[in-house]
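Undergrad: could you look at this predicted model? Sequence included:
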Amino acid sequence: MQTILLVLLVGVGLALGAKTTQAPRVITDQSQQNEIDDLKRIVSTLGRQLMMQQLFVEERVRSDGASGLKQIRLQEIGTRPYHAETYVGNSMASLHDHANYDRTVGLGEFIAVLNGVEFRTRHNDYKLRMPSRTSSAYHATEDIPFPGVPPEVTKLSSIQEQINEMKEWFKAWWSQDKSKRDYTKYFKPVLCFLEGAWTYSDGSLEESFESDRHFIDAASWFDLHEKTRFTSYAGRKSNLENFAYLPTTIMEMINGSVPRLAQWNYRILCHPLSKDIPFSRFRLVDDLHNRVARGATMEKQRGTRRARFQLNPSLVLDAWGSSEFSQSPDFLDSLMEEIPGWDNYKGVLNDTLDDDTAWSLNEDKPVNTAYYHRWFNSLKEGAMGINRRHRGFSDNNVFMAQTTQPNVAGLSYTHCHRKVCKTFHQKWTYAIPLEIVYLTPLQSWNPYNLQHKGDYKSTLGKTVYDGPNGTRRNGLMTKAEAFNGINTKAYYITPHAFFDKTGTSPRDPADTTRAAVGVLDRKGVLRAMTASGPRVFLNIPDVGEVRLRWPIAPVHNDGNVIFKELEALKDMVMEQGKYMGLYRTSPVGDGNSTGSVTPMTGNLELVTGPGTKDPPGDHVHTLRINPTDAAALQSGKKVTVRTSTDQGHSHVLRLKYDAAKKTYMINRCDGKPACWDGHPLQLNMT
């Protein structure tokens, strides 16, 4: 009904209010004039009602929760509600690897809320791009610079010596030991964030941020809306996940009769932080529903793609302490306040309303509202006698920035005092943090001096794939098939010898990174290389498995009253000793209980050995076995499971347990004695 009213409203409004080059028609019949006046009033009333309905929806969403992630696409179900995905499933926000690209950060679809606006993204796969430092133009961005390479590495003559020295730098960084190597010069954290705004549009589609792999697959906003309506109605999706649900609203009624529509749009960018972020700042968030579904301890969860983290709020201490309650800007605020809104880094704006300017809590000056923030001081006390303010009524997660961009839809506010009226017009964008990504020297280190031929879509970049006699190179380990140099899509500059050859790091079906490829250097020598783009984890011999991506996204439920109550109850149950004084009666009982407590047993996680056939190339599969099946295996029974999808395929394995060797073995693979791609029969523990 609302859609029908909107269509009628737009049609009638345009008919009544559109400009024409012809002379206005003279109305001679008073009854006709009265009918037109009535239609104008009806259009104005309907338009106002639709605007109020949109406001009601946004206010309802704002009161039901906070800005944050809400849901990822469903892939699994089970007998318990928490078996299905929320904002986390097999990975947080569907993050994955596309490290063969130089600066693509793998991130799937999700539903999010920003300041009461709920929307669904396309498959994101965003790039390491930042707002422009030199231009204030609409959506002007630039590449984030990669860190340099320590001269202690590049000065060494042999590749193996450089590999050994580079590992020492990673050891220093991963152990947070700056005493021998000051890693902070070459390991740089960037904060990647989600932002959105209401924008004006002539109907043509607008891509607000770059992706090497995905785009909004529609000819216009209307076409996108219709495709989204159909796929939601039919329960389908775009196979390439290039549709998004981005709502439209009536922002104003021009002359009371012509509706002006605004289109919601979002983007994902990153900002290179001015300070190092020690690992001690991060604390794992206990997404208990996900841990229970997978039988994962806190320690196990921390080392997976499912992990979500919080930053210590203290402005002074890195390590977490006992005090977590905050009534003022914290450490996350100090990071987000480095990030500009849509006027980019050159933006300087103030928020003045009713002769009251938003003032900084930390400095004696107005807040530069062109940058993201959520706290400010009012120069005038409110009705509660408080000067300190937080943006929004109850949204603890949202960050806001003002902008002057003509494409952004704004609203006006008129205040009258003693018959003197002032009108204020403002435009705002909204943001939340998504993740902190550490850039390392591997993104610049090119020890074989491989020729970088630029963008993979450029004429020179395409020659990376040109083989002899019109054949196409695919990166296999022969001179005829190896890549001829590198480009932004075949970004393989790290020697394969630097990494763990077993390739046991967890994978996702969406990953596109190959364990090793062949690349010809400038002299035509074949080199075994590994991808150097952003990853979730790096598995480095003598260093370990190090995490590069730390998801810190808040969730929509943070602001929900029931969720707050459940989180409090969860803390009391999981940390009884700490909260014992809050129990109405002791949870331990009266000492007469004869029952026993059986500790929970986690899932058994195994990984195959690497496949030996090429194609598909070096890869492994992971498999998860629940405690019941694990017990059955150890009792001598055989169990059938399906592996993860890697390199475009999975396997159905029948497993057995070798009690003498205390190892799990493949008994049958896809119904045959061995896997077609050469995986060893013995399985390894993860």
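TA: Done, it's in. Numbering: from 1, shown residues only.

Undergrad: isn't Pro468 right up against Ala480?
TA: Yes: contact between Pro468 and Ala480 holds when scored by Cβ atoms under 8 Å: they sit 5.8 Å apart. Every residue, glycine included, has its C-beta placed from N, CA and C.

Undergrad: so where's the stretch 301-450 of the chain shaky on pLDDT?
TA: Residues of the stretch 301-450 of the chain that meet the criterion pLDDT under 70 lie in 322-323, 325, 327.

Undergrad: that one: helices as residue ranges?
TA: For the stretch 301-450 of the chain, the helices defined by DSSP state H, counting those that start in this stretch occupy 331-336.

Undergrad: list the contacts of Met572.
TA: Listed by Cβ atoms under 8 Å, 6 or more residues apart in numbering, the contact partners of Met572 are 579, 582-583.

Undergrad: now do the strands in the stretch 101-250 of the chain.
TA: Ranges of strands within the stretch 101-250 of the chain are 104-107, 111-114, 117-120, 126-127, 129-131, 141-143, 188-199, 248-254, based on DSSP state E, counting those that start in this stretch.

Undergrad: I misspoke; the intended subject was the stretch 251-400 of the chain.
TA: Counting by DSSP E, counting those that start in this stretch, the strands of the stretch 251-400 of the chain are 258-272, 282-284, 309-311, 352-353, 356-359, 375-378, 388-390, 399-402.

Undergrad: deepest of those, which one?
TA: strand 399-402 (a mean of 25; mean count of other Cβ atoms under 10 Å).

Undergrad: quick check: Met574 touching Met298?
TA: No: taking contacts as Cβ under 8 Å, Met574 lies outside contact range of Met298: 9.4 Å.

Undergrad: now the common contact residues for the two.
TA: Joint contacts of Met574 and Met298 (Cβ under 8 Å, 6+ apart) are Asp286.

Undergrad: check the chain and tell me which residue is nearest its centre.
TA: By Cα atoms, centre = their mean, the chain has its centre lying nearest to Leu434, at 4.9 Å.

Undergrad: give me the distance between it and Ala140.
TA: Using Cβ to Cβ, to the nearest Å, Leu434 is found at 21 Å from Ala140.

Undergrad: for Ser280, same thing?
TA: From Ser280 to Ala140 the distance is 36 Å (Cβ to Cβ).

Undergrad: residue ranges with poor pLDDT in the protein?
TA: Regions of the chain meeting the criterion pLDDT under 70 cover residues 1-28, 322-323, 325, 327, 500-507, 588-602.

Undergrad: try it again with 50
TA: 1-4, 7-8, 12, 14-21, 503-504, 590-598 (pLDDT under 50).

Undergrad: in it, which helix is the longest?
TA: If you go by DSSP state H, the chain has its longest helix at helix 30-64.

Undergrad: packing partners for it?
TA: Where contact means 3 or more Cβ pairs under 8 Å, 6 or more residues apart in numbering; DSSP states H and E, helix 30-64 is packed against helix 2-17, strand 117-120, strand 248-254.

Undergrad: which residues touch stretch 214-234?
TA: With Cβ under 8 Å, 6+ apart as the test, stretch 214-234 has contacts from 120, 122-125, 201, 203-205, 207, 236-238, 240-246, 248, 263.

Undergrad: ok, and for it, which residues are buried?
TA: 214, 216-218, 221, 224-225, 227-228 (16 or more other Cβ atoms under 10 Å).

Undergrad: and for the closest residue to Thr440 other than its chain neighbours, the neighbour number?
TA: Using Cβ to Cβ, 6 or more residues apart in numbering and skipping residues adjacent in sequence, the residue nearest Thr440 is Phe187, 5.5 Å away. When neighbours are defined as other Cβ atoms under 10 Å, Phe187 has 19 of them.

Undergrad: also Thr429?
TA: By the measure other Cβ under 10 Å, the count of residues near Thr429 is 25.

Undergrad: pretty sure it is touching Glu195, no?
TA: Yes: counting by Cβ under 8 Å, Thr429 sits close enough to Glu195 to count as a contact (5.5 Å).

Undergrad: joint contacts of those two?
TA: Common contacts of Thr429 and Glu195 (Cβ under 8 Å, 6+ apart): 341-342.

Undergrad: for the residue lying closest to Arg642 once chain neighbours are set aside, list the residues it contacts.
TA: Spatial nearest neighbour of Arg642, chain neighbours left out: Val652 (5.4 Å); criterion: Cβ to Cβ, 6+ apart. By Cβ under 8 Å, 6+ apart, Val652 lies in contact with 640-643, 669-671.

Undergrad: rerun that using 7 Å as the cut-off
TA: 640, 642, 670 (Cβ atoms under 7 Å, 6 or more residues apart in numbering).

Undergrad: hmm, His651 and the last one touching each other?
TA: Yes: using Cβ atoms under 7 Å, Asp670 is in contact with His651, at 5.6 Å.

Undergrad: who's more crowded, those two?
TA: His651 (22 against 13).

Undergrad: and the more buried one, how far from Arg642?
TA: From His651 to Arg642 the distance is 7 Å (Cβ to Cβ).

Undergrad: spit out the contact partners of Asn667.
TA: 638, 654-656.

Undergrad: tell me the phi and psi of Lys178?
TA: Main-chain dihedrals, Lys178, degrees, to the nearest 10: phi -90, psi 0.

Undergrad: that one and Lys171: what is the separation?
TA: For Lys178 relative to Lys171 (Cβ to Cβ), the value is 12 Å.

Undergrad: who has more neighbours, the two?
TA: Comparing Lys178 with Lys171 by other Cβ under 10 Å, the one with more neighbours is Lys171, at 18 against 13.

Undergrad: walk me through the domains of the chain.
TA: Following automatic domain parsing, one gets these domains for the chain: 2-15+29-61, 65-149+186-315+329-342+401-414+425-445+532-583, 448-529, 600-686.
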